[in-house]
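> next input, structure requested:
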Amino acid sequence: MASSLTCAGIVWAFLSFLCAATSCVGFFMPYWLLGSQLEKSVSFGTFRRCSYPVRDESRQTTVMVEQCGRYASFQAIPSAEWRICTVVTGLGCGLLLLVALTALMGCCVSELISRTVGRVAGGIQFLGG
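Numbers count the residues shown, from 1 in each chain. The predicted structure is shown next:
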């Protein structure tokens, strides 16, 4: 297996993959903010939430749904700022994964990553971060 990367490039590829994976896990986990509501522990992130209140129209009360899940729709995300954060963070994770997987393929395929491609990938990584 020939590689087009130097030793520093191989380290960069593996660190890029670890950072991209960590970013994606952080994006999908609902533990950004922790607190309590109606005497129950709640947490949520931009993409998912755990233990959230729902209005029960039949009994005219608010009940806590004690499970984790994503928002029912994009409009169900609490505010415009959280929606923007969801889009920007998701795009950043996608860019980081794209560069990381390309860099990992460069470890296995010769002549895949040139100096110019490496610089462009670094720029994309900077943008994704």
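
> work out for me the element residue 124 sits within.
Per DSSP states H and E, residue 124 falls inside helix 115-128.

> residue 43 now?
strand 40-44.

> return the distance of whatever helix or strand comes next after that strand from the chain's centre.
For strand 40-44, the following helix or strand on the C-terminal side (DSSP H and E) is strand 48-56. Centroid separation for strand 48-56 versus its chain: 22 Å, with C-alpha atoms, centre = their mean, to the nearest Å.

> and whatever helix or strand comes next after strand 48-56, C-alpha only, in PDB?
Downstream of strand 48-56, the next assigned helix or strand under DSSP H and E is strand 61-70. Provided in PDB are the C-alpha atoms of strand 61-70 (Å, rounded to 0.1, in the frame of the first residue of the first chain):
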ATOM      1  CA  THR A  61     -51.900  19.800  31.800                       C
ATOM      2  CA  THR A  62     -48.300  19.600  30.900                       C
ATOM      3  CA  VAL A  63     -46.600  16.200  31.200                       C
ATOM      4  CA  MET A  64     -43.000  15.200  30.900                       C
ATOM      5  CA  VAL A  65     -42.000  12.800  28.200                       C
ATOM      6  CA  GLU A  66     -39.100  10.900  29.700                       C
ATOM      7  CA  GLN A  67     -37.200   9.700  26.600                       C
ATOM      8  CA  CYS A  68     -34.600  11.000  24.200                       C
ATOM      9  CA  GLY A  69     -35.300  11.900  20.700                       C
ATOM     10  CA  ARG A  70     -34.800  14.400  17.900                       C
END
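
> pLDDT below threshold where in the protein?
1-4 (pLDDT under 70).

> which helix runs longest in it?
What stands out as the longest helix in the chain, according to DSSP state H, is helix 80-108.
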